[in-house]
Each structure stands twice: as C-alpha cells, then as structure tokens.
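[1] What follows is a predicted protein model with its sequence.
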Amino acid sequence: MQTSDYVETTCLSRSCRAAVIKLASATSDATLILDATPTKMTAWVHEDGEVCRRRREVCPQTHAGIRLDVYTDHHATCPDAASWRRTRAAAR
Ligand SMILES: [Zn+2]
Ligand SMILES: [Zn+2]
C-alpha cells in the first residue's frame, strides 16, 4: 500500500472530528479518507515475499507471518458518513 503524499487531518464531518489521513488515489482523482490509526493484521507471505491469496491450509508453499498496518476506510467507521457524502455531492 502506498503511504507517501498523504495528509494527516481531521474528519470534515461536523459530529465526528476523528483523526484521518487523506490520500490521493492512485487509480482515480478521488481522495481516500482513512482512519489515522491503522489496525494490526497478520498476513502470510511466501518465500518470494508475495502475499498469499489462498487459504493457508490448501496452499502448498512455505509461509511466513508478517504484521501489517491496515488503514480502514473512514467511510466505514465515521458516525456521520452519510451526511458527509451529501455534503460532498452538494459541493460539486
Ligand atoms: Zn500461500
Ligand atoms: Zn468522520
């Protein structure tokens, strides 16, 4: 996951004010808004460093567990996400 060029800020929602990270999307001109505090997650990688995308029980390769910082989309956790989507739509 790309973590360069992000801006730490607070949620624009009137009722939330959580610390968030704004990150320009690599695939569109949208801005991603992510929770500033990442969730720790364990991922399994193969010897070549590639993240395993199969269930480990059925994958024939050797695995090593790594800890990953996963940033949650703030849409999912913001208590006021619905109203801020309306605000963004109105601003267009
Ligand atoms: Zn695997
Ligand atoms: Zn929010």
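    Happy to help now that I have it. Ligands and ions are numbered 1, 2, ... in the order given.

[2] Now do the same contact list for the residue nearest to the spatial centre of the chain.
    Among the residues of the chain, the one closest to the centroid is Tyr71, at 3.3 Å (Cα atoms, centre = their mean). Contacts for Tyr71 (Cβ atoms under 8 Å, 6 or more residues apart in numbering) come out as 1, 21, 34-35, 38-39. The way it works is simple: take the backbone N, C-alpha and C, and place the C-beta from them, glycine included.

[3] how about a cut-off of 10 Å?
    1, 3, 6, 20-21, 23, 32-39 (Cβ atoms under 10 Å, 6 or more residues apart in numbering).

[4] what about it, distance to Thr62?
    Distance, Tyr71 to Thr62, using Cβ to Cβ, to the nearest Å: 28 Å.

[5] just Ser28 next, same as before
    Ser28 is 37 Å from Thr62, by Cβ to Cβ.

[6] How much space separates the residue lying farthest from the centre of the chain from ligand 1?
    Distance from the centre of the chain peaks at Pro60, with 29.3 Å (Cα atoms, centre = their mean). Between Pro60 and ligand 1 the distance is 8 Å, computed by Cβ to the ion, to the nearest Å.
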